[in-house]
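>>> Predicted coordinates and the sequence they were generated for:
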Amino acid sequence: MFKKVNLSAKVRLTAWFTLMILLLSAMVLVFVFVINGASVTDDPAGRLVKVVQNNASRVEFDNGGFEWNDIDFYRRGVYCSVFDSNGELLRGAVPEDVEIALPFEPSVVRSVYVNDSEYYVYDVFLDMTVTTLWVRGVIDSADRSGLMHTIMVLTWTLLPAILVLSIGGGWLIAYNAFRPMETIVQRAGSISDGEDLSARLDLKRGPSEMRRLGGTFDRMFARLEASFNAERQFASDAAHELRTPVAVILAQCDRARRKDKTSEDFLKSLDVIETQGHRMSELIDQLLSLTRLQQGVDRYPLREADLSEFLTALNDEFVPPAERGIARSAEIEPGITAKFNPTLMARIVQNLLTNAYKYGKENGHVALSLRRAGNTAELRVTDDGVGIAPEDLDKIWQRFWQADASRGEDGGSGLGLAMVREMAAFMGGAARVESTLGAGSTFTVTLPL
């Protein structure tokens with residue numbers, strides 16, 4: 001059985017580049033051999049015939065003399081010479097220390113040995129009207145200056161260089177391309193191990209695909225961090241806030257066992273337990289809603305609708321939590337259309353009006369208004385109650401925070417305003433407060449139009 005070898009992507013990519021270069025080089029060589037078959041196989045006798053015939057066709061007699069400029073007396077290993085009818089050399093080139101004593105014989109490739117070396121000789125007879133000429137070519141039979149030799153030299157010289165460049169370049173490209181991936185793997189491993197959920201990849205260099213992948217991972221890590229923080233916050237809040245009602249229930253149960261004697265006593269204990277149970281249930285529902293809203297678990301689709309009509313209906317249906325002689329007025333600008341979720345908007349209005357009634361003064365006034373402000377719609381709920389101290393304005397949005405001076409009779413859960421801010425942010429808006437201690441508060445929720 002063969003063991004499967006797991007190669008890295010860089011090695012595979014480099015091997016692929018190298019293989020493609022080899023195949024391409026082989027194809028080019030085959031193509032050259034096939035297309036230039038005649039040229040490749042003419043060494044050296046074929047080259048001799050071609051060069052001599054080509055030079056013979058270029059011999060010209062003009063203005064009482066011969067033109068030698070167009071003749072290649074040495075080309076591709078062939079030495080050419082021009083002789084007159086008496087065999088006298090007119091112009092040309094011959095191999096060094098080689099003397100050919102053969103008589104002229106037209107259009108025949110002959111072989112002659114000089115100094116133990118074989119040479120090919122080829123003659124062409126020219127009738128120039130004014131005179132006759134012989135063009136003789138000589139070439140060493142062992143000459144390798146032809147196309148085939150050139151191709152082989154180039155192949156064995158350039159192919160190793162091309163391979164080295166392809167392997168080195170392929171490895172360098174693969175290394176630079178996958179180096180961000182190594183960073184992603186290392187940092188993602190560190191984050192997944194829980195070492196630091198706030199860490200981010202923050203890739204600034206590398207291929208655009210890797211930077212987009214890093215950005216996707218960063219967004220995923222941000223979501224995971226928010227999810228873990230929300231889960232941790234939920235567990236902490238639940239443990240902290242449920243401790244009191246649980247303690248009351250247990251204490252009441254213990255008291256009922258020891259001191260309650262009549263059915264009326266037991267019913268009173270049950271009323272206390274039921275009240276605390278309802279408080280726990282309401283608290284758990286609010287915590288779950290807030291956590292799911294932060295995590296995006298629950299779906300709250302936004303739709304475009306008439307916000308003015310919606311708020312008018314909510315204001316008419318609102319039932320005050322307690323009759324304390326507080327009057328309510330509404331000033332809603334008609335025709336304001338925005339994208340919002342009806343469920344979340346209803347909760348925002350309910351929480352703000354409940355808060356205004358709870359902390360408003362006896363026989364006071366609560367006002368609800370809606371108006372356009374630039375590219376936003378502003379929902380305002382104003383009361384003339386106890387107000388909020390300047391140092392506490394930022395704290396009111398925190399979970400379970402309540403100022404001692406502004407507690408109502410039951411104190412509430414301290415989650416209403418935290419939920420208002422989260423729900424407004426979910427719909428693309430924001431929540432803020434303006435308040436004067438002892439004079440009242442104005443809560444404003446803005447939504448984009």
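Ah, there it is.
>>> Please tell me how far the residue in the chain sticking out farthest from the centre sits from residue 179.
Distance from the centre of the chain peaks at residue 86, with 85.0 Å (CA atoms, centre = their mean). Counting by CB to CB, to the nearest Å, the gap from residue 86 to residue 179 is 80 Å. To be clear about C-beta, it is placed using only N, CA and C from the backbone, and glycine gets the same treatment.
>>> ditto for residue 173
Taken as CB to CB, the span from residue 173 to residue 179 is 11 Å.
>>> Contact partners for residue 276?
If you count contacts by CB atoms under 8 Å, 6 or more residues apart in numbering, residue 276 has them with 245-246, 248-249, 252.
>>> distance between the ends of stretch 181-200?
Separation of the first and last residues of stretch 181-200 by CA to CA, to the nearest Å is 14 Å.
>>> In stretch 419-429, which residues are buried?
419-424, 426-427, 429 (16 or more other CB atoms under 10 Å).
>>> how about the helices of the stretch 51-200 of the chain, start to end?
For the stretch 51-200 of the chain, applying DSSP state H, counting those that start in this stretch gives helices covering 147-192.
>>> any weak-confidence spans in it?
144-155, 191-197 (pLDDT under 70).
>>> which helices and strands sit right next to the longest helix along the chain?
Longest helix of the chain, by residue count under DSSP state H: helix 208-259. For helix 208-259, the helices and strands in contact under the criterion 3 or more CB pairs under 8 Å, 6 or more residues apart in numbering; DSSP states H and E are helix 147-192, helix 263-295.
>>> Turn those into TSV, columns for distance to residue 394.
As requested, the helices and strands packed on helix 208-259 are exported to TSV (distance: least, CB to CB, whole Å):
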stretch	distance to residue 394
helix 147-192	31
helix 263-295	18
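>>> so which of these gets nearest residue 48?
Using CB to CB as the measure, helix 147-192 is the one of the helices and strands packed on helix 208-259 that comes nearest residue 48, at 14.1 Å.
>>> Give me the helices and strands touching that closest one, please.
helix 9-35, helix 37-40, helix 208-259.
>>> Can you tell me which of those has the worst average pLDDT?
Across these, helix 37-40 has the smallest mean pLDDT, namely a mean of 50.
>>> returning to what we had before: is it possible to get the buried residues of stretch 419-429 out as TSV so that each row also shows secondary structure and distance to residue 90?
Shown next, in TSV, are the buried residues of stretch 419-429 (DSSP: H, G, I helix; E, B strand; the rest coil; distance: CB to CB, whole Å):
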residue	secondary structure	distance to residue 90
419	helix	112
420	helix	112
421	helix	108
422	helix	106
423	helix	108
424	helix	106
426	helix	103
427	coil	103
429	coil	103
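>>> which one of those is nearest residue 351?
For those, the nearest to residue 351 is residue 420 (5.3 Å; CB to CB).
>>> what's the spacing between that closest one and residue 141?
With distances taken as CB to CB, residue 420 is found 102 Å from residue 141.
>>> Over to residue 253?
120 Å.
>>> Please apply the same query to residue 77.
Taking CB to CB, one finds residue 77 at 10 Å from residue 141.
>>> Have a look at those two and say which one is more surrounded.
Taking neighbours as other CB atoms under 10 Å, residue 77 and residue 141 compare with residue 77 leading, 20 against 15.
>>> Give me the distance between the more buried one and residue 416.
Distance of residue 77 to residue 416, given as CB to CB: 101 Å.
>>> give the contact list for residue 222.
Neighbouring residues of residue 222 by CB under 8 Å, 6+ apart: residue 200.
>>> Check residue 133 too.
Neighbour list for residue 133: 59, 82-85, 90, 125-126 [criterion: CB under 8 Å, 6+ apart].
>>> try 6 Å this time
The contact partners of residue 133, taken as CB atoms under 6 Å, 6 or more residues apart in numbering, are 82, 126.
>>> cool, and residue 365?
Each residue near residue 365 by CB under 6 Å, 6+ apart is listed here: 327, 384.
>>> the strands in the stretch 251-400 of the chain, which residues?
303-306, 327-332, 337-340, 365-373, 376-383 (DSSP state E, counting those that start in this stretch).
>>> can I get the ones you listed in JSON lines with distance to residue 65 and mean pLDDT?
Listed next are these as JSON lines, based on distance: least, CB to CB, whole Å; pLDDT from 0 to 100:
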{"stretch": "strand 303-306", "distance to residue 65": "99", "mean pLDDT": "90"}
{"stretch": "strand 327-332", "distance to residue 65": "114", "mean pLDDT": "91"}
{"stretch": "strand 337-340", "distance to residue 65": "99", "mean pLDDT": "91"}
{"stretch": "strand 365-373", "distance to residue 65": "103", "mean pLDDT": "93"}
{"stretch": "strand 376-383", "distance to residue 65": "100", "mean pLDDT": "93"}
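>>> among the ones you listed, which is nearest residue 27?
Per CB to CB, nearest to residue 27 of those: strand 337-340, 61.2 Å.
>>> which stretches of the stretch 301-449 of the chain form helices?
For the stretch 301-449 of the chain, the helices defined by DSSP H, counting those that start in this stretch cover 307-317, 342-359, 416-426.
>>> Please save the CA atoms from the longest one in PDB.
These are the backbone C-alpha positions of helix 342-359, laid out as PDB (Å, rounded to 0.1, in the frame of the first residue of the first chain):
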ATOM      1  CA  PRO A 342     -43.500  47.700  14.200                       C
ATOM      2  CA  THR A 343     -42.700  45.400  17.200                       C
ATOM      3  CA  LEU A 344     -39.600  47.200  18.200                       C
ATOM      4  CA  MET A 345     -41.100  50.700  17.700                       C
ATOM      5  CA  ALA A 346     -44.100  49.700  19.900                       C
ATOM      6  CA  ARG A 347     -41.700  48.600  22.600                       C
ATOM      7  CA  ILE A 348     -39.700  51.800  22.400                       C
ATOM      8  CA  VAL A 349     -42.900  54.000  22.700                       C
ATOM      9  CA  GLN A 350     -44.200  51.700  25.500                       C
ATOM     10  CA  ASN A 351     -40.900  51.900  27.500                       C
ATOM     11  CA  LEU A 352     -40.500  55.600  27.100                       C
ATOM     12  CA  LEU A 353     -44.100  56.500  28.100                       C
ATOM     13  CA  THR A 354     -44.000  54.000  31.000                       C
ATOM     14  CA  ASN A 355     -40.700  55.600  32.200                       C
ATOM     15  CA  ALA A 356     -42.200  59.100  31.900                       C
ATOM     16  CA  TYR A 357     -45.300  58.200  33.900                       C
ATOM     17  CA  LYS A 358     -43.200  56.400  36.500                       C
ATOM     18  CA  TYR A 359     -40.800  59.300  37.200                       C
END
